[in-house]
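S.K.: sequence plus the predicted model coming up.
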There are 2 protein chains.
Amino acid sequence: MKKIIIAVSAILLIAACKNKNQEAAKPHIESMAEIFPKPKVEIKTVGIYLYDGYSALDALGPYSVFTRLMGSHVFFIAKHKGIVEDGAGLKVQVDTTIDEVKHLDILLIPGGLAQTYQETKDEALLNWIRSIDSTSKYTTSVCTGAWILGATGLLKDKEATTHWYGKKILANDFGAKIQDKRYTHTGKYWTAAGVSAGIDMSLALLNEIAGEKYTRAAMLDLEYDPQPPFKGGNENTADKNMVEGMRALYDGGMETALHPEKAFKEMKFDNKKDFVCGMPISAGIADTVHYNGKVYGFCSTGCKDEFKKNPSAYVSK
Amino acid sequence: MKKIIIAVSAILLIAACKNKNQEAAKPHIESMAEIFPKPKVEIKTVGIYLYDGYSALDALGPYSVFTRLMGSHVFFIAKHKGIVEDGAGLKVQVDTTIDEVKHLDILLIPGGLAQTYQETKDEALLNWIRSIDSTSKYTTSVCTGAWILGATGLLKDKEATTHWYGKKILANDFGAKIQDKRYTHTGKYWTAAGVSAGIDMSLALLNEIAGEKYTRAAMLDLEYDPQPPFKGGNENTADKNMVEGMRALYDGGMETALHPEKAFKEMKFDNKKDFVCGMPISAGIADTVHYNGKVYGFCSTGCKDEFKKNPSAYVSK
């Protein structure tokens, strides 16, 4: 494993580099240990598993919390070294593969949509997760990352949560006891609801690891005092029609993942990603367009129709 | 500028790939346009400026919101192509330089600490920001990113906010009228408080651009229904001693940035980053240690003292 630097948040730890003059000027703060007391649970390694198509905030919300945990090395892990893309343009360089990591104090698995479901079919990955879990202090998921964790069998008959859209699959396919909560913990298994819930879960876990004072200091560093423009960011408080509409959209996105028999398989395409939604063609194609002598694949009829409105604009980009 | 794909969130737009059967099955949702009405303001490009030492969530919270804005290309811009590091381990591949970008509908500048302050001294960067601002629809900052925006003169005598620690510098050095708010907007200038406030600001801006219905749908997609473990993530509600202690820590981290005359300049060091806090040596060194025939630099006495407790552990990593 390559050399690593102590992985701690830049802002927090640059901040942590205090000098004695400043201490003298503020005698009521005796030491850094007063603000950040020694954690009760020792966490040396936090590994975040990344894969193409994960949802960026699922991973980087918790990253931003755990990097406040001093002395911990927070890093990213993928099947192969190199760039991992979230599908919306973020390219993260990952330097560590699952083959290189035998132990983690905390494992975190972020979610996504179709590509997340495909990860649940990768037995090598699932075996790696089971192996890491056998000695981890905490095994955690955010959003539909719970599908991947659930596919290992580790959430079976345990209380868990996921993105509101993902609950049905998590219960039916992987046997979790779905909770209508922002995050859950059953022993060392922590699961968060959708996307932004990973921040709340990580802070709650930080509280378990390092206590209230430490957590409050991290929150002050992150200025975590959320003020959403509206209430209603969850399934139960949002407009019912909107929830059903969103569910139909997600269903569309899951179509080829859930029904691979419907996807084109043997055909070669001239695009690497669906022009409209950005989904990699390798994730499964449900429809095609012939345009200017080329064959372009699309994940669904919806994306194909959108493309056909103005194909030259898409192809020229 | 390299080829780009339509930059839209994977989860949202894979979701957007609906098919007609599903529409038929849910007749109360007539079309995607019902859930995501056409935005009132057309936003084609959202550029997020990255630099070594930025705070990851400052940039990636807003990224996660703006990538829900369909038809927009959200991308990262830096002084040079290649990897940009947030200082805590996140390596993002940036493919677009400031020289290549002449226009943006939205410019977003994230914050950090010492390295953010150093960016305020880079006239070429400030001129680029002024130039982009001359035709932008919105010019925005998160956290101490307001220092960089302020250094251009664009926030002078305007209402603005920043991370609670950064308010004094934003007012004194750059003449902004500091507001005690989660985010502010004066005309097209939007500024957010610390780190996580970028999510709230971006959602409020999305609301201005695309309206309440669109914003609520994006919130449902992100499941943005925050439930912090504690209240008190801001300067006014947190414990006063903790606020003062954190302020002293930040002051320490800012020492060589604010007082470069105190930093070692001509000396060469055997480490690239401060072992303890991860700050690049190039950002300025206030103290040194000779160990095993090598000279290591540290941003402050505090980091040096921490290193000296167990130097072999740091050097071996």
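M.R.: The structure has been received and is ready for your questions.

S.K.: what about the nearest residue to residue A:142 once chain neighbours are set aside, which SS state?
M.R.: Distances taken as Cβ to Cβ, 6 or more residues apart in numbering or on different chains place residue A:198 nearest to residue A:142, at 3.6 Å, with adjacent residues excluded. C-beta: built from backbone N, CA, C; applies to glycine. Secondary structure assignment for residue A:198 (DSSP: H, G, I helix; E, B strand; the rest coil): helix.

S.K.: check the one 4 residues further on too.
M.R.: Local secondary structure at residue A:202 is given as helix here, using three-state DSSP.

S.K.: try residue A:223
M.R.: Under three-state DSSP, residue A:223 comes out as coil.

S.K.: how close does it sit to residue B:182?
M.R.: Distance of residue A:223 to residue B:182, computed by Cβ to Cβ, to the nearest Å: 9 Å.

S.K.: joint contacts of these two?
M.R.: Counting by Cβ atoms under 8 Å, 6 or more residues apart in numbering or on different chains, the residues touching both residue A:223 and residue B:182 are B:193, B:197.

S.K.: how many neighbours does the nearest residue to residue A:294 once chain neighbours are set aside have?
M.R.: Closest residue in space to residue A:294, ignoring its immediate chain neighbours: residue A:270 at 4.0 Å, by Cβ to Cβ, 6+ apart. By other Cβ atoms under 10 Å in any protein chain shown, 14 other residues sit near residue A:270.

S.K.: show me what contacts residue A:270?
M.R.: Counting by Cβ under 8 Å, 6+ apart, the residues that residue A:270 touches are A:294-296.

S.K.: narrow the residues you listed to those that are buried.
M.R.: Those of the contacts of residue A:270 that meet the buried threshold are residue A:296, by 16 or more other Cβ atoms under 10 Å in any protein chain shown.

S.K.: from the contacts of residue A:270, which is closest to chain B?
M.R.: Lowest distance from chain B to the contacts of residue A:270 (Cβ to the nearest Cβ) belongs to residue A:296, with 12.4 Å.

S.K.: report the secondary structure state of that closest one.
M.R.: strand.

S.K.: and it, bridged to which residues?
M.R.: residue A:289 (DSSP bridges).

S.K.: quick one: contacts for it?
M.R.: A:269-271, A:275, A:288-290, A:307.

S.K.: filter those down to the buried ones, ChimeraX style.
M.R.: Buried subset of those, written as a ChimeraX selection, criterion 16+ other Cβ under 10 Å:
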select /A:269,271,275,289,307
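
S.K.: how about TSV for the contacts of residue A:296, with pLDDT added?
M.R.: Shown next, in TSV, are the contacts of residue A:296 (pLDDT from 0 to 100):
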residue	pLDDT
A:269	85
A:270	86
A:271	85
A:275	80
A:288	85
A:289	87
A:290	86
A:307	82
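
S.K.: A strand includes residue A:59, no?
M.R.: No - judged by three-state DSSP, residue A:59 forms no part of a strand; its state is helix.

S.K.: now do the same contact list for the residue lying closest to it once chain neighbours are set aside.
M.R.: Spatial nearest neighbour of residue A:59, excluding adjacent residues (Cβ to Cβ, 6+ apart): residue A:110 at 4.0 Å. If you count contacts by Cβ under 8 Å, 6+ apart, residue A:110 has them with A:48-50, A:54-55, A:58-59, A:62, A:141-143, A:145, A:198.

S.K.: ranges for the helices of the stretch 51-200 of chain A?
M.R.: Counting by DSSP state H, counting those that start in this stretch, the stretch 51-200 of chain A has helices at residues A:56-66, A:114-119, A:123-133, A:145-151, A:167-174, A:197-221.

S.K.: out of those, which is the most enclosed?
M.R.: helix A:56-66 (a mean of 30; mean count of other Cβ atoms under 10 Å in any protein chain shown).

S.K.: in PDB, list the C-alpha atoms belonging to it.
M.R.: C-alpha atoms of helix A:56-66 as PDB (Å, rounded to 0.1, in the frame of the first residue of the first chain):
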ATOM      1  CA  ALA A  56     -21.100  11.800  -5.000                       C
ATOM      2  CA  LEU A  57     -22.700  13.200  -1.900                       C
ATOM      3  CA  ASP A  58     -23.400   9.700  -0.500                       C
ATOM      4  CA  ALA A  59     -19.600   9.300  -0.300                       C
ATOM      5  CA  LEU A  60     -18.300  12.800   0.200                       C
ATOM      6  CA  GLY A  61     -20.700  13.900   2.900                       C
ATOM      7  CA  PRO A  62     -19.400  11.100   5.300                       C
ATOM      8  CA  TYR A  63     -15.900  11.700   4.000                       C
ATOM      9  CA  SER A  64     -16.200  15.300   5.200                       C
ATOM     10  CA  VAL A  65     -17.300  14.200   8.600                       C
ATOM     11  CA  PHE A  66     -14.800  11.300   9.100                       C
END
